[in-house]
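A.B. asks: Provided below are the primary sequence and the corresponding predicted coordinates.
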Amino acid sequence: MRWKGFITLAVLAALLFVTAVFFSDDIIEQAIEKSGTGMWGARVEVSGVDVVWSPLGVRINGLAVASRKEEYKNALYVSGLKCMLLAAPLLEKKIIIEDISGTGLAFNTDRKSSGFLPSAKREKREKVKKEWKTNMSSWMQDIKGRGLGKIDVKASFDVNELASLKALEGIENSLSGFRSMYGNYDTSDLNKSSDELGRAIGMIDDLKIKDAKDLEKAGKKLKEAQPALENAEKTGKQLGKDLKEMQSSVSDLEKKLREFDDLRQADYRRMMEKLKLPSLETQDIARTVFGPLIVDKFNMIMEYRDKARKYIPAKKEKGKPEVKEREKGEDIIFYRKKMYPPFHLKKALVSGQDNAKIECTDISDAPWITGKPAVIEAVYADFSFRAEIDRTGDVPGEKISGRLDNFRLADSTGVMNIDLEFSGDMVKGSISWVGKGLLPADWASYLDLGDTPVKIDVSVSGKDDNLKFDIRSNLDSMLSAKLKKELAKKMEEARGKVNALIDSNVLGRKNKVMGDLASFKSEKLDRLNSEKDQLERRKKELDKKIEAKKKEAKDKTDKLKKDSEDKIKKGAEDKLKDIFK
Amino acid sequence: MIWIKLIKKLFKALNADASPAEIAAGVILGSVIGLTPAFALHNLLVVALIIVLRVNVSAAVFSSLLFSAVGAGIDPVSHIVGKKLLLAPGLNGFWTSLYNVPVAPLLAFNNTVVLGSLVLSLVLMIPLFLFTKRFVIVYRERLQEKVQKFKLVKLLKASRLYKLYERFKS
């Protein structure tokens, strides 16, 4: 044993103790300020911290949380906070706060120094607000200008942009193409075949079978008629094939002509879009006017939600075995009778004047260990807010509800009501805002708004990456009526002009194409069809006549055969009778 | 300078200044620090033992440096040993009880590498102690004079740095 060693150890322990006693206040103060500022996004400051060793606790004096919107304001200020900690979990590097009680809570207090941190997000928000105002003004100017001035349709019209005209040109080319192809359709084979059939029919008609000599002649003539029949068959087949092709081409053109009407409508819409004539439907107006502001505010709520999910994560993100600093190795977790999360604030209640109150329960960075959802409630003169952060299941969920009497939207304040529910990446709920002075002055005077407050109701649903906003406002009908009054006549005129311009370029040509197609059909298709039918009829007639002649010849042959047999039989009988007489 | 002092003290200890058992004890305690992860809490206890017990501090420091180089290399082995022990069904009750002692989790015994390397260093303790003690005796009997003649030792002793150090010390 070395006694000097004991002394060294004792000195080291004493140094450690002195450091803990004298510097713990500063260490805790710095930790609160640094972590608070990082989480909140504006300065979090503490005037002083006292560590109480028995029972273990911390007294925090003058906690100021700076506002993120107003540079020289505190979002909240608490004059004194008393935190009671559990000592045993500290040995495991775990902070378990049994209770926080505070007094002197106040909101929106003044501060001497700036509470802002350099933040790109705040600049982005300002940009959204500024852009919204600029867009509102320019939109109004545009509408007014259009209402007063002339909507120059001709200047925006370009005949080369008409898709219906291009389609029509295509139809014209196709039509002229197969007009030249089938216009001089060679019918010589058809005529020749038809004549042959006529001659063959005449020949068969002239054929008379009276005696045996005529039978031989009839056989010859019937054989002579056969090639006419075969040629007619061949010609008929070819004609049928050509007619089928022609019919298909004509059907194709007729289909294109039917589609032409859709293209013409598309030309009309494109033209109206080019003229930038606004939609005067109520739902479109609300979305156009208030959409950017609402989406910006909703994105802000989503940022808070993401932050809550970062600091209070879902169980699945924490389930993996921890890897130690010296890489390799796994932590094997055993059952514990009393398992502490790394951080757990069991209960906090801070109160102040005007019934101001902030109450939190079960805030933890490992809520699946506490098994309870974190709840934050804040009440003040002009707002009440409740958030429930649930991580007890596998899917993270949050419920936010509240009413804020002085919520700023653009440059005006109003009453905001929120009721939102998040579950995993699903969002459902509603936000509403009622207030005055939201619209720029030129809008307010244009709408004769007077003291009428603006009310916006938004319902939101869907997934994070595909959210659907349904935005309604009491200004919808007012704006729609006003804008319609301002623009309806001009827009009607413009519509008429656009229609007339399109029609003047395409309607005449379309009618001509339709006429040409109809005449082609009647001239060629119908005529060839009737000639084909005639050929078929003649072919059938000849066929029938040949069959009839064949039958006649057969009957004649049979009769002659019977007659000669009868004659021979009779001669034989007579001879036999003579013999036996 | 501290390195020169350390090597000098080590040689001084080897050259009959300290008993072989003291040197061997220093080496085995140093080996525990070296073989296990540096910031494991049990190392505080080992450091306290080095300060309090009559062991050779230079040998302990030298040993901890030497074995920390070896320790990083045997981490995969430590991991396997630690995992087998922590997941052994027969030991589950013991580990669970230990895990429920408030300060025990600070020792990080439930980490496979920490436990594995600690067990390996404890197993090595007795053979290492016996080997070191024997080595010191053999060194003093047979190698001491030869080592003194090594060019490196002569060079070290003759160096200006060493002379300056000696002068400063006196």
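C.D. replies: Thanks, I have it.
A.B. asks: separation between the residue nearest to A:Phe116 when sequence neighbours are not counted and A:Ser113?
C.D. replies: Excluding its sequence neighbours, the residue lying closest to A:Phe116 (CB to CB, 6 or more residues apart in numbering or on different chains) is A:Glu71, at 5.2 Å. All C-beta spots, glycine's among them, are computed from the backbone N, C-alpha and C. According to CB to CB, to the nearest Å, A:Glu71 stands 9 Å off from A:Ser113.
A.B. asks: Tell me the residues of chain B that contact chain A?
C.D. replies: Residues of chain B lying close to chain A (CB under 8 Å from any CB of the partner chain) are B:37-39, B:48, B:51-54, B:72, B:75-76, B:78-79, B:82-83, B:86-87, B:92, B:95-96, B:99-100, B:102-103, B:105-106, B:108, B:110-114.
A.B. asks: Give me the PyMOL select line for the residues you listed, limited to the buried ones.
C.D. replies: Selecting only the buried entries of the residues of chain B next to chain A in PyMOL, with 16 or more other CB atoms under 10 Å in any protein chain shown as the criterion:
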select buried, chain B and resi 37+48+51+52+75+78+79+82+83+86+95+99+105+108+110+111+112+113+114
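A.B. asks: Give me the subset of the residues of chain B next to chain A that lies in strands.
C.D. replies: With DSSP state E as the criterion, strands contain none of the residues of chain B next to chain A.
A.B. asks: pull the helix or strand with minimum mean pLDDT from chain A.
C.D. replies: Lowest mean confidence among the helices and strands of chain A (mean pLDDT, DSSP states H and E): helix A:120-148, at a mean of 64.
A.B. asks: Report the distance from the helix or strand following that one to the chain centre.
C.D. replies: Sequence-wise, the next helix or strand downstream of helix A:120-148 (DSSP states H and E) is helix A:153-156. Here helix A:153-156 is found 32 Å from its chain centre; the criterion is CA atoms, centre = their mean, to the nearest Å.
A.B. asks: Packing partners of the following helix or strand past helix A:153-156?
C.D. replies: Note on helix A:153-156: by DSSP H and E, the next helix or strand toward the C-terminus is helix A:163-182. Counting by 3 or more CB pairs under 8 Å, 6 or more residues apart in numbering or on different chains; DSSP states H and E, the packing neighbours recorded for helix A:163-182 are helix A:212-274, helix A:475-520.
A.B. asks: Show me what the shortest one is packed up against.
C.D. replies: In this case it means helix A:475-520. Packing partners of helix A:475-520 (3+ CB pairs under 8 Å, 6+ apart): helix A:120-148, helix A:153-156, helix A:163-182, helix A:212-274, helix A:282-311.
A.B. asks: The closest residue to chain A within chain B: what's its closest spatial neighbour, skipping adjacent residues?
C.D. replies: Residue nearest to chain A within chain B (CB to the nearest CB): B:Val113, separated by 3.4 Å. Among residues not flanking B:Val113 along the chain, A:Gly329 sits closest, at 3.4 Å (CB to CB, 6+ apart).
A.B. asks: Now do that neighbour: how many residues are near it, please.
C.D. replies: Neighbourhood size, A:Gly329 [other CB atoms under 10 Å in any protein chain shown]: 26.
A.B. asks: So which residues of chain B form helices?
C.D. replies: B:2-12, B:20-35, B:42-52, B:57-73, B:75-86, B:92-99, B:112-138, B:144-148, B:151-158, B:160-169 (DSSP state H).
A.B. asks: related to what we said a few turns ago, quick check: the residue of chain B closest to chain A touching B:Ser78?
C.D. replies: Yes - here B:Val113 reaches B:Ser78: they are 5.0 Å apart, a contact under CB atoms under 8 Å.
A.B. asks: Overlap of the contact sets of these two?
C.D. replies: Jointly contacting B:Val113 and B:Ser78 under the rule CB atoms under 8 Å, 6 or more residues apart in numbering or on different chains are A:Gly329.
A.B. asks: Keeping just the C-alphas, turn stretch A:3-21 into PDB.
C.D. replies: Extracted C-alpha coordinates of stretch A:3-21, given in PDB (Å, rounded to 0.1, in the frame of the first residue of the first chain):
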ATOM      1  CA  TRP A   3      -0.300   6.100   1.600                       C
ATOM      2  CA  LYS A   4       0.900   8.800  -0.800                       C
ATOM      3  CA  GLY A   5      -1.500   7.200  -3.400                       C
ATOM      4  CA  PHE A   6      -4.400   7.600  -1.000                       C
ATOM      5  CA  ILE A   7      -3.600  11.200  -0.600                       C
ATOM      6  CA  THR A   8      -3.400  11.700  -4.400                       C
ATOM      7  CA  LEU A   9      -6.800  10.000  -4.800                       C
ATOM      8  CA  ALA A  10      -8.300  12.100  -2.000                       C
ATOM      9  CA  VAL A  11      -7.000  15.300  -3.600                       C
ATOM     10  CA  LEU A  12      -8.500  14.200  -7.000                       C
ATOM     11  CA  ALA A  13     -11.800  13.400  -5.400                       C
ATOM     12  CA  ALA A  14     -11.900  16.800  -3.600                       C
ATOM     13  CA  LEU A  15     -11.100  18.600  -6.900                       C
ATOM     14  CA  LEU A  16     -13.900  16.800  -8.600                       C
ATOM     15  CA  PHE A  17     -16.300  17.700  -5.800                       C
ATOM     16  CA  VAL A  18     -15.300  21.400  -5.700                       C
ATOM     17  CA  THR A  19     -15.700  21.500  -9.500                       C
ATOM     18  CA  ALA A  20     -19.200  20.000  -9.200                       C
ATOM     19  CA  VAL A  21     -20.200  22.400  -6.500                       C
END
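A.B. asks: contacting residues around the residue nearest to the spatial centre of chain B?
C.D. replies: In chain B, the C-alpha nearest the mean C-alpha coordinate belongs to B:Gly30, at 1.7 Å (CA atoms, centre = their mean). The contact partners of B:Gly30, taken as CB under 8 Å, 6+ apart, are B:Ile50, B:Ala59, B:Ala60, B:Val61, B:Phe62, B:Ser63, B:Ser64, B:Leu65, B:Leu66, B:Phe67.
A.B. asks: repeat for A:Lys338
C.D. replies: A:Lys338 sits next to B:Asn100 when contact means CB under 8 Å, 6+ apart.
A.B. asks: before we move on, the earlier item: read off the pLDDT value for the residue of chain B closest to chain A.
C.D. replies: The pLDDT attached to B:Val113 in the predicted structure is 88.
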